[in-house]
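K.L.:
give me the fold of what follows.
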Amino acid sequence: MFAATPRRLVAWVTGALMLISFARTSVLFLESMAAVRDERDADIELLEICKSGAARGSTKMRGACLQAQADRASPLVLKAIVRAVATAWREFSDAVSTPYGMLTVVLFLLSSLVMPIIPWIRMIGRTMLHPEDEEHSDDNDMESDRHVIVLAGSNGAHSNRGGLRKRVSRMFNDKNMHAETARLRHIEMPASW
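P.N.:
Below is the predicted model of the structure:
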């Protein structure tokens, strides 16, 4: 089977978390679609009462009628998306309201925003603090004791593999070559040749 390397383990955990997030998002969206559809079905009676003109003098009734008509006019999918996002935000804010949740958000921000930028900050800081080192860096590289050896030719076992595209094209070319030679063998030469 497969060896459990840390990289593979992180990939599996990340994939599982992505699948869970996708499932949760899908469930929120579908729940919102059902809730909006139910609300619209419930508002049908209210809209019929509004059309009949009952309680025209009441500002509350007019407000309810206008709200029901506005809800009916908005697109179902967009309203469901807005409701799903609002629910997700409410769940997020509830989870972050604890100290552990806030610590998780801070760690997320550090790992996703700050950590990738640290090497850039170091490089810029070194350049800003010691600009004279940058001017002579080429000279120092030439005078160092390090040597680079470049070997021309094959790279051992990896030279014949190539990428997937090369292997597939090689496979098709080999099949076409075999088919072409087989076709040429079956061609009969005319007697006049």
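K.L.:
where does this protein have low pLDDT?
P.N.:
Where the chain drops to pLDDT under 70, the residues are 1-2, 131-145, 153-164, 168, 171-193.
K.L.:
show me how it divides into domains.
P.N.:
Split into domains by automatic domain parsing, the chain comes to 6-97, 99-129.
K.L.:
buried deepest among those domains, which one?
P.N.:
Each of the domains of the chain was scored by mean neighbour count; the highest is domain 6-97, a mean of 12, by mean count of other Cβ atoms under 10 Å. Every C-beta, even on glycine, is put in place using the N, C-alpha and C of the backbone.
K.L.:
top helix in the chain by residue count?
P.N.:
helix 6-52 (DSSP state H).
K.L.:
could you check the angle helix 6-52 makes with the helix or strand just after that helix?
P.N.:
Tracing the chain C-terminally past helix 6-52 and defining elements by DSSP states H and E, one meets helix 59-73 next. Here helix 59-73 runs at an angle of 130 degrees relative to helix 6-52 (axes from the mean of the first three to the mean of the last three Cα atoms, to 10 degrees).
K.L.:
give me the helices and strands touching helix 59-73, please.
P.N.:
Packing partners of helix 59-73 (3 or more Cβ pairs under 8 Å, 6 or more residues apart in numbering; DSSP states H and E): helix 6-52.
K.L.:
the helix it packs on: how far from the chain's middle?
P.N.:
19 Å (Cα atoms, centre = their mean, to the nearest Å).
K.L.:
what helices or strands is it leaning on?
P.N.:
By 3+ Cβ pairs under 8 Å, 6+ apart, helix 6-52 packs against helix 59-73, helix 76-96.
K.L.:
for Leu17, which of the ones you listed is the nearest?
P.N.:
helix 76-96 (14.8 Å; Cβ to Cβ).
K.L.:
which secondary structure elements does that closest one contact?
P.N.:
helix 6-52, helix 99-109.
K.L.:
where's Arg37 relative to Ala86, distance?
P.N.:
In this view, Arg37 and Ala86 are 17 Å apart by Cβ to Cβ, to the nearest Å.
K.L.:
cool, and Leu113?
P.N.:
Counting by Cβ to Cβ, the gap from Leu113 to Ala86 is 25 Å.
K.L.:
try Arg7
P.N.:
37 Å.
K.L.:
now the helices and strands packed on helix 6-52 as a markdown table including distance to Leu17?
P.N.:
As requested, the helices and strands packed on helix 6-52 are arranged in a markdown table below (distance: least, Cβ to Cβ, whole Å):
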| stretch | distance to Leu17 |
| --- | --- |
| helix 59-73 | 35 |
| helix 76-96 | 15 |
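K.L.:
and Leu151, which of the ones you listed is closest to it?
P.N.:
Nearest to Leu151, of all the helices and strands packed on helix 6-52, is helix 76-96, at 54.4 Å by Cβ to Cβ.
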